[in-house]
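# No sequence on hand, only this structure:
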């Protein structure tokens with residue numbers, strides 16, 4: 001029986017003048033958590049919001065497990081006057 005593979009995605013957002021968040025660029029996929037954590041920390045210093053989540057994939061069935069939040073940086077809906 002094969003070990004489940006892990007699918008890790010990092011999504012980065014910048015805040016617009018009207019306060020909404022838009023993707024800074026396309027989501028990035030990673031295979032290992034240490035690299036995700038380093039990347040997310042760096043990106044959180046340059047962008048308004050960084051979210052990383054992971055899902056396990058069962059190689060035998062192709063089924064995905066539930067998404068698990070790995071990193072969340074930035075406060076959704078926050079305005080500059082807060």
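That came through, no problem. Remember, it's a predicted structure, so these values are computed and weren't measured experimentally.
# Spatially central, which residue of this structure would that be?
residue 52 (2.0 Å; Cα atoms, centre = their mean).
# which residues does that residue contact?
8-11, 36, 40, 69-72 (Cβ atoms under 8 Å, 6 or more residues apart in numbering). Using the backbone N, CA and C atoms, a C-beta is placed for each residue, glycine as well.
# between these, which is nearest residue 29?
residue 9 (5.7 Å; Cβ to Cβ).
# residue ranges for the strands of the protein, please.
Ranges of strands within the chain are 5-15, 21-23, 28-30, 49-57, 68-73, based on DSSP state E.
# Could you count how many residues lie near residue 38?
Per other Cβ atoms under 10 Å, the neighbour tally for residue 38 reads 10.
# what sits against it?
Applying Cβ under 8 Å, 6+ apart, no residues qualify as near residue 38.
# Tell me how far it lies from residue 16.
In this view, residue 38 and residue 16 are 27 Å apart by Cβ to Cβ, to the nearest Å.
# Surely residue 30 touches residue 37?
No. Contact between residue 30 and residue 37 fails when scored by Cβ atoms under 8 Å: they sit 9.7 Å apart.
# For ChimeraX, write the selection for the buried entries among the contacts of residue 52.
Applying 16 or more other Cβ atoms under 10 Å to the contacts of residue 52, the buried members can be selected in ChimeraX as follows:
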select :8,9,10,11,36,40,70,71
